[in-house]
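Enquirer: Dropping the sequence and predicted coords here.
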Amino acid sequence: MASDDARHETTLDRAGLAITAGGLIGGAICSGLTAMGASAGPLGLVAAFVLGALVCALAITAVAAPIWIFMHLSGRRRAGHAALVGAATGFVVFVFGQTYGFGMFDAPPSDIQTLLFRWASAVATSVVLAAIAAVIGIVMWLIAYRSVR
């Protein structure tokens, strides 16, 4: 365990606040995308924010938190580690969602060109979303961790 990483500590309440902040950021992004993409009125934007925040907070808790617990226990507690966990989990989740579970679930019939385009599109859009998830991971780290001297 690296000595510098061991000096970053958190508490359960700060971890909860970080998950809440991650969810709120996700909700704001969902609301912004809804505003850009459709003619949603104020109620639609509020619904996008609330549902986006809830789904993002649940996804962070269910997918990223177990990975982060392992990282924390192994002494990998820096902001860069949080960005890596956010980017990697975001990338995998979004590619999974766009490729019918990496091809494990029934997909509509398509030719090889369409399938390759679907995968290329999934990877390209997931890279952008992974960058956003990395930023969310850093913000959550800033809220959750304090340096112990």
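Expert: That came through fine.

Enquirer: could you give the mean pLDDT of stretch 37-49?
Expert: Across stretch 37-49, pLDDT averages out at 88.

Enquirer: for the longest helix along the chain, packing partners?
Expert: Ranked by residue count, the top helix of the chain under DSSP state H comes out as helix 112-144. Where contact means 3 or more C-beta pairs under 8 Å, 6 or more residues apart in numbering; DSSP states H and E, helix 112-144 is packed against helix 12-37, helix 79-98. C-beta: built from backbone N, CA, C; applies to glycine.

Enquirer: Around Ala131, how many other residues sit close by?
Expert: Using other C-beta atoms under 10 Å, Ala131 has 15 neighbouring residues.

Enquirer: mind checking how far Leu54 is from Ser39?
Expert: As judged by C-beta to C-beta, to the nearest Å, Leu54 and Ser39 stand 23 Å apart.

Enquirer: Quick check: which of the helices and strands packed on helix 112-144 is buried the most?
Expert: Mean neighbour count (mean count of other C-beta atoms under 10 Å) peaks for helix 79-98 among these, with a mean of 19.

Enquirer: Run through who's touching that one.
Expert: With contact meaning C-beta atoms under 8 Å, 6 or more residues apart in numbering, helix 79-98 is reached by 5, 59, 63-64, 67-68, 71, 102, 118, 121-123, 125-127, 129-138, 140-142.

Enquirer: Which among the residues you listed count as buried?
Expert: Buried by 16 or more other C-beta atoms under 10 Å: 59, 64, 68, 71, 118, 122, 126, 129-130, 133-134, 136-137, 140-141, out of the contacts of helix 79-98.

Enquirer: Identify the farthest-apart pair in those residues.
Expert: For the buried ones among the contacts of helix 79-98, with distances taken as C-beta to C-beta, the pair at the greatest spread is Arg118 and Trp141 (33.4 Å).

Enquirer: that older thread, just the closest of the buried ones among the contacts of helix 79-98 to Thr34, please.
Expert: Out of these, the member with the shortest distance to Thr34 (by C-beta to C-beta) is Leu129, at 15.5 Å.

Enquirer: Quick check: pLDDT value at that closest one.
Expert: 95.
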